[in-house]
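S.K.: I'll drop the sequence and a predicted model, then ask my questions.
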Amino acid sequence: IFGGLKVSPGAIPWQVSLQVRPKNTHLPYRHVCGGVLISSCWVLTAGHCIIQNKDMLVTMGGLSLDYEEPTEQIHHVEEAIVHEKFNETALAVYNDIALLRLNGTDGVCATENSSYGSNHLLQANVLLINQEKCVDSTVYGKNVDNSMFCAGHLMGGVDSCQGDSGGPLTCKTNNASVVYGLVSWGDKCGKANKPGVYTRVTHFLDWIKSKTQGTFL
Ligand code: 4AZ
């Protein structure tokens, strides 16, 4: 996060850290991406966060990557489903979405918890940017399509950044936070006229429903 603020304990319990290590090693897991818990056993993240042939786990309920907190939950990933049309080019990332199915029994994986302590997890307030502005040649031009949207501040200074990929952009509606975007890509971080580009989650609702049907409690 560029120009953000520390998250208060328990304020964003759906935030996950996606962590990987080389397969069948005892090397430590390291954070590669964010993600968002959308039901007990399903996490939504960016497609480019899925690295093949790595052991993968998700942690949630903590605020720091430096130490394990008592409120933290760690879950193994049973399956990673990357969008069939995921495509990363030098200029943009298309269909940048993936679902992680957590390990559990009878549809119970992650359980609600509240976090305490303090540290490190950051949040930033960003503004949705008009799609016409986002596709303007002074911003991202044709590299942005309607499965993406821009958010941030055109003046620069407040933005998502590397390590945030796959994490949620939420909008508050009647006190509920609704996942609207997943951190996907951008031209560096916090630059004027280069806002963050987010996967437009509403564009993928049918895909999410088709992949999670019957198991989305
Ligand atoms: C990245 O490298 C990245 N400012 C993520 C988000 C943004 C830029 C880069 C958006 O993962």
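M.R.: Noted; the coordinates are in hand.
S.K.: per-residue pLDDT, the residue most central in space within the chain?
M.R.: Per C-alpha atoms, centre = their mean, the C-alpha nearest to the average position across the chain is that of G167, at 1.8 Å. G167 carries a pLDDT value of 96.
S.K.: now do the contacts for it.
M.R.: Applying C-beta atoms under 8 Å, 6 or more residues apart in numbering, one finds that G167 lies in contact with 15, 33-36, 45, 160, 182-183. (Each C-beta comes from the backbone N, C-alpha and C, glycine too.)
S.K.: okay if I get those residues as JSON lines plus neighbour count and pLDDT?
M.R.: As requested, these are exported to JSON lines (neighbours: other C-beta atoms under 10 Å; pLDDT from 0 to 100):
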{"residue": "Q15", "neighbour count": "22", "pLDDT": "96"}
{"residue": "C33", "neighbour count": "25", "pLDDT": "96"}
{"residue": "G34", "neighbour count": "25", "pLDDT": "96"}
{"residue": "G35", "neighbour count": "28", "pLDDT": "97"}
{"residue": "V36", "neighbour count": "24", "pLDDT": "97"}
{"residue": "T45", "neighbour count": "30", "pLDDT": "98"}
{"residue": "S160", "neighbour count": "30", "pLDDT": "93"}
{"residue": "L182", "neighbour count": "30", "pLDDT": "98"}
{"residue": "V183", "neighbour count": "30", "pLDDT": "97"}
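S.K.: output the residues you listed as JSON lines; include the columns secondary structure and distance to the ligand.
M.R.: Formatted as JSON lines, the contacts of G167 follow (DSSP: H, G, I helix; E, B strand; the rest coil; distance: C-beta to the nearest ligand atom, whole Å):
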{"residue": "Q15", "secondary structure": "strand", "distance to the ligand": "16"}
{"residue": "C33", "secondary structure": "strand", "distance to the ligand": "8"}
{"residue": "G34", "secondary structure": "strand", "distance to the ligand": "10"}
{"residue": "G35", "secondary structure": "strand", "distance to the ligand": "13"}
{"residue": "V36", "secondary structure": "strand", "distance to the ligand": "15"}
{"residue": "T45", "secondary structure": "strand", "distance to the ligand": "12"}
{"residue": "S160", "secondary structure": "coil", "distance to the ligand": "5"}
{"residue": "L182", "secondary structure": "strand", "distance to the ligand": "10"}
{"residue": "V183", "secondary structure": "strand", "distance to the ligand": "5"}
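S.K.: cheers, nothing more for now.
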